[in-house]
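Asks: sequence unavailable; structure follows:
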């Protein structure tokens, strides 16, 4: 039976071996010799599969080239002060930063917990007191100690988010600190199992994840709706 020869190399050869590892006519594996794949001429399934692989490869290469050209054009617009270029890179910046933030928050939600001792905690002024009390900034702070695998650590982080508020919104910080799982001086502490020095009293909640997701994808969607 006649054989059909078609040159393959690199990724296309690897894809061909996955998609069509055997010949359906003689139930034998297709032969490969010097980067060329041999199949029966009337093996239609092989021909169709290879054509799909070839189209996918060409399409992906074209998409990569178009993406690079688009980034370059947006960079030129941003350098010229054009609004579209500036908005694009703001949206891209939010996407990249919030991608890292979301990954970190999701990992933090898997952190184990341990009971520790609260040494100090509450709201404090941030950056010193201003002349006018209404302009004074506040943050929530804490100092606690805990033990992991026989080793003692201290932590100061209360929440994944750091809120800085004025006197009028100070109640938000009080509510945040009250959300800590606390029984007297004992508190529930979440720590990074790979680096126990990193800890927090509050894990990321669903609301925080929703806000992060909105900041992550919202600017790109707004950009797409405005310019495409």
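Replies: Looks like it arrived, so ask away. Quantities reported herein were computed from a predicted structural model and do not represent experimental measurements.
Asks: run through who's touching the strand ranked longest in the chain.
Replies: Longest strand of the chain, by residue count under DSSP state E: strand 113-125. Strand 113-125 is contacted from outside by 136-148, 154-155, 158, 170, 173-174, 177, 180, 182, 185-191, using CB atoms under 8 Å, 6 or more residues apart in numbering. Placement of C-beta: from N, CA and C, glycine included.
Asks: can you give the strand pairings for that strand, parallel or anti for each?
Replies: strand 138-148 (antiparallel), strand 186-192 (antiparallel) (DSSP bridges).
Asks: which parts of the protein are strands?
Replies: So, for the chain - with DSSP E - the strands run 3-7, 31-33, 36-40, 113-125, 138-148, 151-155, 182-183, 186-192, 195-200.
Asks: okay, the ones you listed, which one's buried deepest?
Replies: strand 186-192 (a mean of 20; mean count of other CB atoms under 10 Å).
Asks: closest one to residue 165 among the strands of the chain?
Replies: Of all those, strand 138-148 sits nearest to residue 165, with 5.5 Å by CB to CB.
Asks: got the contact list for the closest one?
Replies: 114-126, 152-159, 162-167, 170, 173, 176-177, 180, 187, 189, 191, 196, 199, 201.
Asks: I'd like the strands paired with strand 113-125 as JSON lines, with mean pLDDT and distance to residue 70 appended.
Replies: Listed next are the strands paired with strand 113-125 as JSON lines, based on pLDDT from 0 to 100; distance: least, CB to CB, whole Å:
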{"stretch": "strand 138-148", "mean pLDDT": "90", "distance to residue 70": "41"}
{"stretch": "strand 186-192", "mean pLDDT": "94", "distance to residue 70": "38"}
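Asks: beta partners for residue 141?
Replies: residue 122.
Asks: who's in contact with residue 197?
Replies: 153, 155.
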